[in-house]
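> sequence and computational prediction follow.
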Amino acid sequence: MTRSSLCIFVTLALAHGFSNTPPQYRRAEKGSKLVLCSHNEECETLTSRRDLFRDASVAAFGMGAALIPSFDALASGGATAGGAYLLSAKQRYNKRVTAGVTAFLALGSDIEGGNLKPAKAFFETEEEGGWKDTATAGYLLANAFRTSSTTPPDKLPSVKKWKAFVAEVEDLKKALKKKDASGALTSYKSAVEALSIYLTAVELD
């Protein structure tokens, strides 16, 4: 039984089992039996048919809960290499990271020549292929490379490598702000080296 069909079954079962209960009635426990009580009438024991249906619904729900894996199981198991979580992350972020990396590496010749305008434009654009989108996608992709759902992101090797790259990029941005062509070139080269290490960690090398 699939998860969706199970949910439909349980919903219909519960609706059918209790839809005939008048609005003024309430459910209460009396001894070991489930009863219906009104404000003006004595409690009446549920009919054997309804008791039986209730038990069957509870049993079906319990069986479904056993068949559906817990969130932690999905998160930890799916986050392992080759898992559904990682594959989904690659589908969402690989293209964006690749676009940003391509654009970043293309800045090399301009920075070496002392032309800092393309680099400034790279950091200012909001579009895919610019730094802002790359920074978001790059971090999320790094965070997907995990073997446990409980591991803090900062403890993941891939995230550490991403942050090392970001640190070099921040130095580059400072040099650009100062219009320091020589400092920008030095920071850029360091960033490229850190980027290479990151790309290996996220299987994009």
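Arrived safely.

> when you work out contacts or count neighbours from here on, use the C-alpha atoms and nothing else.
Will do.

> quick check: which ranges of the protein have low pLDDT?
1-82 (pLDDT under 70).

> the helices in it, which residues?
For the chain, helices defined by DSSP state H occupy the ranges 3-18, 48-67, 71-78, 84-105, 108-112, 117-124, 131-143, 157-177, 181-201.

> let me know the angle separating the fourth one from helix 117-124.
Angle, helix 84-105 to helix 117-124, by axes from the mean of the first three to the mean of the last three C-alpha atoms, to 10 degrees: 150 degrees.

> dump helix 84-105 to CSV, keeping only the CA atoms.
The C-alpha coordinates for helix 84-105 follow below in CSV (Å, rounded to 0.1, in the frame of the first residue of the first chain):
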residue,chain,number,x,y,z
ALA,A,84,17.7,10.8,-2.9
TYR,A,85,18.4,13.9,-0.9
LEU,A,86,21.8,14.4,-2.4
LEU,A,87,20.6,13.7,-5.9
SER,A,88,17.8,16.2,-5.5
ALA,A,89,20.3,18.8,-4.2
LYS,A,90,22.5,18.2,-7.2
GLN,A,91,19.6,18.7,-9.6
ARG,A,92,18.7,22.0,-7.9
TYR,A,93,22.1,23.5,-7.4
ASN,A,94,24.7,22.0,-9.7
LYS,A,95,23.7,24.1,-12.7
ARG,A,96,23.7,27.3,-10.6
VAL,A,97,27.1,26.6,-9.0
THR,A,98,28.6,25.7,-12.4
ALA,A,99,27.3,28.9,-13.9
GLY,A,100,28.8,31.0,-11.1
VAL,A,101,32.1,29.1,-11.2
THR,A,102,32.4,29.6,-14.9
ALA,A,103,31.7,33.3,-14.6
PHE,A,104,34.2,33.6,-11.7
LEU,A,105,37.0,31.9,-13.6
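
> which helices and strands sit right next to that helix?
helix 71-78, helix 117-124, helix 131-143 (3 or more C-alpha pairs under 8 Å, 6 or more residues apart in numbering; DSSP states H and E).

> same thing but 7 Å
helix 71-78, helix 131-143 (3 or more C-alpha pairs under 7 Å, 6 or more residues apart in numbering; DSSP states H and E).

> elements contacting the longest one?
Packed against helix 131-143, as judged by 3+ C-alpha pairs under 7 Å, 6+ apart, are the following elements: helix 84-105, helix 117-124, helix 157-177.

> now with 6 Å, please.
helix 84-105 (3 or more C-alpha pairs under 6 Å, 6 or more residues apart in numbering; DSSP states H and E).
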